[in-house]
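# coordinates only, sequence not included:
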C-alpha cells in the first residue's frame with residue numbers, strides 16, 4: 001500500500017431496510033486485493049462493520065441465508081449479535097450452512113481465506 005491510497009465512504013442510509021448489508025464483504029474484498037489472497041468461493045457473509053472492525057448485525061437473515069445456499073455457499077459468516085436470528089432459521093437451512101458467528105473483521109478474514 002506504499003504507492004496506493006484508498007478512501008471509500010458509504011454513508012448510512014436514512015431508511016431502515018432488510019436489504020443487502022455488505023460492509024464485511026466489501027472490507028474482505030479490499031483486504032483480499034491488497035494481500036493478493038483470494039477469498040474462498042464457498043463462503044458467504046453479511047454484516048456491517050465499524051471503523052474499528054466490529055461486525056454489526058443485519059436484518060433479513062432468512063432471505064440472505066437462502067440466497068447463500070442458492071449461490072453454492074457452504075459457510076455463512078454473520079455477526080454474533082445475529083445469533084437469535086440464526087436460531088430461528090428453518091432447520092433445513094441450518095443443515096445446509098455452517099454458520100460462523102463473529103465479532104470482528106479479524107475473525108471474518110481468517111474464515112474467508114482458510
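Nice, I can see it. These numbers were taken from a predicted model, which means no experiment stands behind them.

# Residue ranges in this protein under the pLDDT threshold?
Within the chain, the stretches with pLDDT under 70 are 1, 10-20.

# measure stretch 52-60 end to end?
24 Å (C-alpha to C-alpha, to the nearest Å).

# This protein: strands as residue ranges?
Ranges of strands within the chain are 43-45, 48-49, 55-56, 75-79, 98-102, based on DSSP state E.

# Show me what the second one is packed up against.
Packing partners of strand 48-49 (3 or more C-beta pairs under 8 Å, 6 or more residues apart in numbering; DSSP states H and E): helix 23-35, strand 55-56. (C-beta placed from N, C-alpha, C; glycine too.)

# Distance to residue 101 and mean neighbour count added to these, as CSV?
Formatted as CSV, the helices and strands packed on strand 48-49 follow (distance: least, C-beta to C-beta, whole Å; neighbours: other C-beta atoms under 10 Å):
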stretch, distance to residue 101, mean neighbour count
helix 23-35, 13, 16
strand 55-56, 9, 22
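
# can you put the ones you listed in TSV and add distance to residue 100?
As requested, the helices and strands packed on strand 48-49 are arranged in TSV below (distance: least, C-beta to C-beta, whole Å):
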stretch	distance to residue 100
helix 23-35	11
strand 55-56	11
